[in-house]
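1. this one's structure only:
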Ligand SMILES: O=C(O)COP(=O)(O)O
Ligand SMILES: [Mg+2]
């Protein structure tokens, strides 16, 4: 437990690796793309490392790992990946343990909440809806809502503005260095979950108010 409870009125949540384990569907889309392109299957561990900077970056890394860097080839692979992901998005992705219950409790406590993800809007909203998480959020800032993505703090500031809360009264919960950087840049408190796609040891070296091994632990740290 942190010595000092976090006095937040607005809670902002990263999506992939924080609220939802999206790896199974991303891996399925990657497998189908590999098959289309005649490439070897990537391992779950590799794909896990590629998540967090948005799907274009995931596909760029996937292609680079296969020695393919030609921009036209990468762009074509991205289109294929997106088409496959649109088909499987939400099928095997599941909220992490305790996420719906904890969001419900936070909502009862009167906190306003937002989702701030680098995933494109067209994949974000269907996923939140498929998993019954959409009603918890007063604002969703997706990877293509603004011209910039996390780690740029603009997405976090945009969410605070929509929720009508100053950044000093907000907390961002994420699973990566990108989230920590975006939160710090925006002047919000940061909580990092250690069960997501970031390497737990590296995460623990980042400046964060708290580290959560399980999502429901968040309840213990709020004032
Ligand atoms: O990489 C993505 O597409 C989304 O990642 P995020 O929800 O962790 O920001
Ligand atoms: Mg994430």
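-> Noted; the coordinates are in hand. Remember, it's a predicted structure, so these values are computed and weren't measured experimentally. Ligands and ions are numbered 1, 2, ... in the order given.
2. how about the contacts made by the residue of the chain found nearest ligand 2?
-> Closest to ligand 2 within the chain is residue 17: 3.7 Å, counting by CB to the ion. To be clear about C-beta, it is placed using only N, CA and C from the backbone, and glycine gets the same treatment. Shown in contact with residue 17 (CB atoms under 8 Å, 6 or more residues apart in numbering): 51-52, 174-176, 193, 196-198.
3. just those residues: which are in strands?
-> 174, 193 (DSSP state E).
4. and the furthest pair within the contacts of residue 17?
-> Largest separation among the contacts of residue 17 by CB to CB: 51 and 193, giving 13.7 Å.
5. could you check how far whatever residue is furthest in space from the centre of the chain is from residue 77?
-> Most distant residue from the mean C-alpha position of the chain: residue 38, 29.5 Å away (CA atoms, centre = their mean). To residue 77, residue 38 is 12 Å away according to CB to CB, to the nearest Å.
6. ok, now residue 187?
-> Counting by CB to CB - residue 187 and residue 77 are separated by 38 Å.
7. the two - which one has more neighbours?
-> Between residue 187 and residue 77, counted using other CB atoms under 10 Å, the more crowded position is residue 77 (23 against 14).
8. just to be sure, that one is in a helix?
-> Yes - under DSSP: H, G, I helix; E, B strand; the rest coil, residue 77 sits within a helix.
9. which residues does it contact?
-> Per CB under 8 Å, 6+ apart, neighbours of residue 77: 33, 37, 59, 62-63, 68.
10. for the residues you listed, which one is nearest ligand 1?
-> For the contacts of residue 77, the minimum distance to ligand 1 (CB to the nearest ligand atom) is 10.2 Å, reached by residue 59.
11. who's in contact with the nearest residue to residue 168 once chain neighbours are set aside?
-> Nearest non-adjacent residue to residue 168, counting by CB to CB, 6 or more residues apart in numbering: residue 187, 6.4 Å away. Counting by CB under 8 Å, 6+ apart, residue 187 makes contact with 153, 167-168.
12. again, but for residue 21
-> Residue 21 is in contact with 93-96, counting by CB under 8 Å, 6+ apart.
13. list buried residues within these.
-> 93, 95-96 (16 or more other CB atoms under 10 Å).
14. quick one: the helices in this protein?
-> Using DSSP state H, the helices found in the chain span residues 23-37, 44-50, 55-65, 71-88, 99-108, 121-130, 154-163, 177-186, 200-203, 218-221.
15. I'd like to know which of those helices is closest to residue 12.
-> helix 154-163 (5.2 Å).
16. circling back to that earlier point, so residue 51 and residue 193 - more neighbours on which side?
-> residue 193 (29 against 24).
17. tell me the pLDDT at that one?
-> As predicted, residue 193 sits at a pLDDT of 98.
18. of the buried ones among the contacts of residue 21, closest to ligand 1?
-> So of those, ranked by how close each gets to ligand 1 (CB to the nearest ligand atom), first place is residue 93, at 11.2 Å.
19. the closest one touches residue 25, doesn't it?
-> Yes - the pair residue 93 and residue 25 qualifies as a contact (CB atoms under 8 Å) at a distance of 4.8 Å.
20. for this protein, give me the ranges with low pLDDT.
-> 1-3 (pLDDT under 70).
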